[in-house]
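Undergrad: Would you be able to build a 3D model of this:
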Amino acid sequence: MTDALATEAAALWGIPASAIRLAARRENVVYQADTPDGPMALRLHRPGYRSQAELRSELEWMAQLSEGGLRVPHPAASINGHLVEMLGDMPISLLSWMPGTPAGAGGRLDVANPATFARDLGRVMAQLHNLSDDWTPPQDFRRPHWNLEGLLGDRILWGPFWKNPDLTPDQRDLLLNVRARARIRLAGLERDLDYGLIHADILTENVLVDGADIALIDFDDGGYGFREFELATFLMRFLDTPDYPAMKAALLEGYTHRRAISPSVLDFFILLRALTYPGWIIPRRDEPGGRERSLRAVRTAVSLAEAFMKT
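TA: Numbering: from 1, shown residues only. Below is the predicted model of the structure:
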């Protein structure tokens with residue numbers, strides 16, 4: 001990623017090169033931009049991950065959530081009036097900068113009271129789902145589906161987890177058997193579960209804490225999915241921590257204060273969430289730390305898969 005490209009991207013919103021500085025280099029490259037309207041986040045999206053229509057839909061959804069009172073970034077249109085601009089094959093967008101610090105990183109939670117935080121986060125998740133259900137997306141709205149096919153089918157969203165090179169032959173057979181059995185179980189459950197727009201990646205890195213306020217960022221993987229999957233995504237990281245039972249209870253207490261859910265299937269959705277990561281890491285194994293992350297994802301998925309096959 002060159003400074004020249006970032007300068008060209010900023011110019012699409014009338015922002016001079018002197019006003020931008022690199023803030024994060026993760027899946028997307030993000031620059032903080034100083035503007036007359038306050039700090040903004042200039043996002044240079046990785047090419048090929050989302051179509052222009054998907055990105056435009058993400059930003060329209062986020063604008064609706066922001067206007068409904070949820071603390072999420074609000075998109076800004078370019079000089080040409082577009083929410084998404086293209087530089088070659090690279091999509092560009094501009095969002096309001098959210099104050100606060102990440103709630104943690106790498107499975108670590110850096111908050112004073114984990115249970116209180118989990119309860120507050122549960123309420124934020126419920127608010128996200130309520131606002132999403134109250135909104136009618138436009139006909140050209142396009143976002144991925146974390147449904148039976150997206151999680152376990154032939155069009156799996158994050159890639160075939162059973163093909164991770166770090167799996168032993170026995171582990172690969174185990175995950176294939178789990179996939180088959182989980183498909184049957186999810187097919188029997190899905191009609192009775194709450195399905196709608198979800199963030200789909202509420203990890204501590206994507207939750208900003210600013211005093212008593214909680215904000216959600218990084219809607220890259222947001223789309224349609226089971227609401228239990230949303231809670232499971234957060235909980236999975238803390239399965240092996242001493243605080244897990246209290247955090248799980250607090251998250252459910254906060255969520256059900258505003259919205260109903262099926263807690264009896266949460267463990268099943270934690271398994272489904274864990275299965276996604278060995279697939280997600282496959283194209284990233286050669287990145288710094290990629291092999292270690294792959295092995296960790298495999299260990300978690302295999303452990304939960306073994307427990308599932310005993311039920």
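
Undergrad: from here on, contacts and neighbour counts on C-alpha atoms
TA: Noted.

Undergrad: tell me, what residue is most central in this protein?
TA: The centre of the chain sits closest to Asp201, judged by C-alpha atoms, centre = their mean, with a distance of 1.9 Å.

Undergrad: Give me the neighbour count for Ala105.
TA: Using other C-alpha atoms under 10 Å, Ala105 is surrounded by 12 other residues.

Undergrad: List the residues that contact the nearest residue to it once chain neighbours are set aside.
TA: Spatial nearest neighbour of Ala105, chain neighbours left out: Glu205 (5.4 Å); criterion: C-alpha to C-alpha, 6 or more residues apart in numbering. By C-alpha atoms under 8 Å, 6 or more residues apart in numbering, the contact set of Glu205 is Pro102, Ala103, Gly104, Ala105, Gly106.

Undergrad: which among those residues end up buried?
TA: Pro102, Ala103, Gly104 (16 or more other C-alpha atoms under 10 Å).

Undergrad: From those residues, which land in strands?
TA: Pro102, Gly104 (DSSP state E).

Undergrad: Reformat the buried ones among the contacts of Glu205 as a markdown table; add pLDDT and distance to Leu231.
TA: Conversion of these to a markdown table gives the following (pLDDT from 0 to 100; distance: C-alpha to C-alpha, whole Å):
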| residue | pLDDT | distance to Leu231 |
| --- | --- | --- |
| Pro102 | 96 | 18 |
| Ala103 | 97 | 16 |
| Gly104 | 95 | 17 |
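
Undergrad: Adding distance to Pro263 as columns, could you present the buried ones among the contacts of Glu205 in TSV?
TA: Output for the buried ones among the contacts of Glu205, formatted as TSV (distance: C-alpha to C-alpha, whole Å):
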residue	distance to Pro263
Pro102	27
Ala103	24
Gly104	25
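
Undergrad: Relative to Ser51, which of the buried ones among the contacts of Glu205 is nearest.
TA: Pro102 (27.7 Å; C-alpha to C-alpha).

Undergrad: Strands of the stretch 1-150 of the chain, start to end?
TA: 20-25, 29-35, 38-44, 75-76, 85-87, 90-96, 101-102, 104-105, 108-109, 145-146 (DSSP state E, counting those that start in this stretch).

Undergrad: Make CSV from those and add distance to Gly211 to it.
TA: Shown next, in CSV, are the strands of the stretch 1-150 of the chain (distance: least, C-alpha to C-alpha, whole Å):
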stretch, distance to Gly211
strand 20-25, 21
strand 29-35, 21
strand 38-44, 19
strand 75-76, 24
strand 85-87, 34
strand 90-96, 19
strand 101-102, 10
strand 104-105, 15
strand 108-109, 15
strand 145-146, 32
